[in-house]
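Trainee: Based on what follows, work out the 3D shape:
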Amino acid sequence: KKKSAASTSEDDAEPSSKHTHTNKTSKEQSKKIMIAADSTSKSKCAACGKEGDGQKACTACKLVKYCNVTCQKEHRSKHKKACKKRAAAIFDEALFKEHPPPEDCPICFLPFSNDLTLSAVYKSCCGKRVCCGCLYEMYKAAHAEGGTSVCPFCREPSPRSVEDDIVRIRKRVELNDDADALNVLAGAYMDGNDVPQDRDKAFELWFRAGELGCAVGYYNVGNVYHFGRGVEKDKTKAKYYWELAAMRGHAQARHNLGVSEKLERNNIHRALKHFMIGARSGCGRSLEEVEQGFLLGYVTKDEYEMIARATQKRQDEVKSDMREKGALLFLKPVL
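Mentor: Have a look, this model is predicted:
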C-alpha cells in the first residue's frame with residue numbers, strides 16, 4: 001500500500017492507532033534513557049567511568065563525554081553504532097528544515113527569487129546584489145538621458161569592460177574575503193572568461209565562498225563533482241555539497257537532491273520531502289515532481305494543493321514588470 005510522502009521511509013511511517021500507546025511508551029522510555037545518559041555524561045567518562053569537570057562530548061552525537069582522546073578511542077567500538085545513528089538523525093533534522101526566507105533587493109525591497117541567476121546581479125563596486133528590475137530602471141534612465149549607467153545602490157559608474165569588473169572583484173576578495181565576489185571570480189576561472197582558465201583555482205574559490213556562507217558556492221562545488229569538471233566524478237561528494245547548499249536555502253540544490261534520491265537511490269519518500277521543501281520555496285520544477293507523486297498516490301490531494309498554493313505565493317512575491325523586462329536585457333546575470 002502506498003503511503004503519503006510525509007514520512008521518508010518505512011521506518012518513519014506513522015503508527016496505527018492499535019500501536020499508538022506502545023509507541024508512545026517506547027518513545028518516553030528512550031527519552032528517559034537519553035536524559036539519564038546525558039546527565040551522567042556531564043560528569044562521568046563513558047569509557048573509564050572517571051568523574052570530573054572538563055570532559056569533552058563526542059563531537060558527532062553529543063550523547064557521551066570522555067576524559068581524553070585515549071578513552072574516546074577505547075570506547076569507539078562500543079559507541080560507534082549508536083553514534084552514527086544519532087549523528088545521522090541530527091544531520092537530517094537540519095537538512096529537512098524549511099528554507100529561510102530569501103533576501104530582499106536593497107533598492108525595491110522585493111524578495112529575490114530562490115534562483116538568483118534569474119533575478120539578482122552582483123555589483124563589484126559595492127558588493128551588493130541588486131535585482132535585474134532595478135538595474136533595468138537605471139539602464140533605461142541613463143539611456144534616455146544619454147548618460148552613463150551607474151550602480152542603483154552606490155551610484156558608482158558601471159565598469160567599462162569585463163576586465164575592469166574582474167579588477168574590482170579581485171580587490172573585494174583581497175580586502176574582505178567577500179563570499180559573493182569569490183563565487184563570481186571562481187566562475188570566471190572555471191570558464192576562462194577574461195582570465196586564464198584554471199579549474200583548480202575555481203574549485204578553491206567556490207569552496208572558500210561556501211565556507212563563508214555563500215550557498216551558491218557550495219552548490220557549484222557539488223556541480224564540479226557531479227559533472228567531473230577538473231576533478232573525478234563523485235556523486236557522493238556532489239550530494240554532500242548540495243546538502244550544504246540546500247541547508248542554506250538554495251532551491252536548485254534542493255531539487256537536485258530530490259532527483260538524486262529518486263533516480264539513484266530509489267527512495268521516493270525522501271525524494272518527495274526534498275521536492276516539497278523546494279516547491280514551497282518557489283521552485284516550479286520541484287512542484288512538478290510533487291504533482292507526479294500525487295498522481296502516483298504518494299502525496300495526498302490536500303498536501304499537493306497546499307504545496308501548489310505555497311509555490312504560487314512565493315513566485316508571485318518575487319515578480320514585477322521591471323524584473324521581467326530586466327531578465328530579457330540581462331540574459332545571463334553575473335552570480
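
Trainee: Remind me what the helix or strand hosting Lys237 packs against, helices and strands.
Mentor: Element membership for Lys237, per DSSP states H and E: helix 235-247. Contacts defined by 3 or more Cβ pairs under 8 Å, 6 or more residues apart in numbering; DSSP states H and E place helix 235-247 against helix 69-95, helix 199-211, helix 215-227, helix 251-263. In short, each C-beta sits where N, CA and C put it, glycine included.

Trainee: repeat that for 7 Å
Mentor: Using 3 or more Cβ pairs under 7 Å, 6 or more residues apart in numbering; DSSP states H and E as the contact test, the elements touching helix 235-247 are helix 69-95, helix 215-227, helix 251-263.

Trainee: burial of Gln197, as a residue count?
Mentor: By other Cβ atoms under 10 Å, 13 other residues sit near Gln197.

Trainee: same thing with the one 5 residues further on?
Mentor: Here the number of neighbours of Ala202 (other Cβ under 10 Å) works out to 24.

Trainee: Asp164 too?
Mentor: The local packing count at Asp164 equals 13, with neighbours defined by other Cβ under 10 Å.

Trainee: for Glu145, same thing?
Mentor: When neighbours are defined as other Cβ under 10 Å, Glu145 has 8 of them.

Trainee: Can you tell me how far it is from Cys125?
Mentor: Distance, Glu145 to Cys125, by Cβ to Cβ, to the nearest Å: 20 Å.

Trainee: and the spatially most central residue of the chain, what does it touch?
Mentor: Centrality entry for the chain: nearest residue to the mean C-alpha point is Ala246, 1.9 Å, by Cα atoms, centre = their mean. Ala246 sits next to Leu95, Ala253, Arg254, Leu257 when contact means Cβ atoms under 7 Å, 6 or more residues apart in numbering.

Trainee: buried subset of the residues you listed?
Mentor: With neighbours counted by 16 or more other Cβ atoms under 10 Å, these contain buried members at Leu95, Ala253, Arg254, Leu257.

Trainee: how about low-confidence regions in the stretch 1-150 of the chain?
Mentor: The stretch 1-150 of the chain contains residues with pLDDT under 70 at 1-43, 115-118.

Trainee: Okay, strands next: where are they in it?
Mentor: Per DSSP state E, counting those that start in this stretch, the stretch 1-150 of the chain carries strands over the ranges 56-57, 65-66, 120-123, 128-131.

Trainee: Work out the gap between stretch 148-168 and the centre of the chain.
Mentor: Centre-to-centre, stretch 148-168 and its host chain are 30 Å apart (Cα atoms, centre = their mean, to the nearest Å).

Trainee: returning to that earlier point: mind putting the helices and strands packed on helix 235-247 in TSV, distance to Ala327 included?
Mentor: Compiled in TSV, those are given as follows (distance: least, Cβ to Cβ, whole Å):
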stretch	distance to Ala327
helix 69-95	31
helix 215-227	18
helix 251-263	17
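
Trainee: wait, which of these is closest to Asn176?
Mentor: Nearest of the helices and strands packed on helix 235-247 to Asn176, taken as Cβ to Cβ: helix 215-227 at 15.7 Å.

Trainee: And the contacts of the closest one?
Mentor: 116, 179, 182-183, 186, 203, 206-207, 209-210, 230-231, 233-235, 237-238, 241-242, 244-245, 248-250, 252-253, 335.

Trainee: and the residues you listed, which are buried?
Mentor: The neighbour-count test (16+ other Cβ under 10 Å) marks 116, 179, 182-183, 186, 203, 206-207, 209-210, 230, 237-238, 241-242, 244-245, 248-250, 252-253, 335 as buried among the contacts of helix 215-227.

Trainee: which one among the buried ones among the contacts of Ala246 gets closest to Pro111?
Mentor: Closest to Pro111 out of the buried ones among the contacts of Ala246 is Arg254 (17.0 Å), distances taken as Cβ to Cβ.

Trainee: The residue nearest to the centre of the chain and Leu185, how far apart?
Mentor: Distance, Ala246 to Leu185, by Cβ to Cβ: 24 Å.

Trainee: ok, now Pro159?
Mentor: Pro159 sits at a distance of 14 Å from Leu185 (criterion: Cβ to Cβ).

Trainee: Between these two, which is the more surrounded one?
Mentor: Per other Cβ under 10 Å, whichever of Pro159 and Leu185 has more neighbours is Leu185, with 24 against 17.

Trainee: Would you confirm that that one contacts Glu204?
Mentor: No: between Leu185 and Glu204 there is no contact under Cβ atoms under 7 Å: 10.4 Å.

Trainee: which residues touch Pro157?
Mentor: Contacts here follow Cβ under 7 Å, 6+ apart; on that basis Pro157 touches Thr148, Val150.
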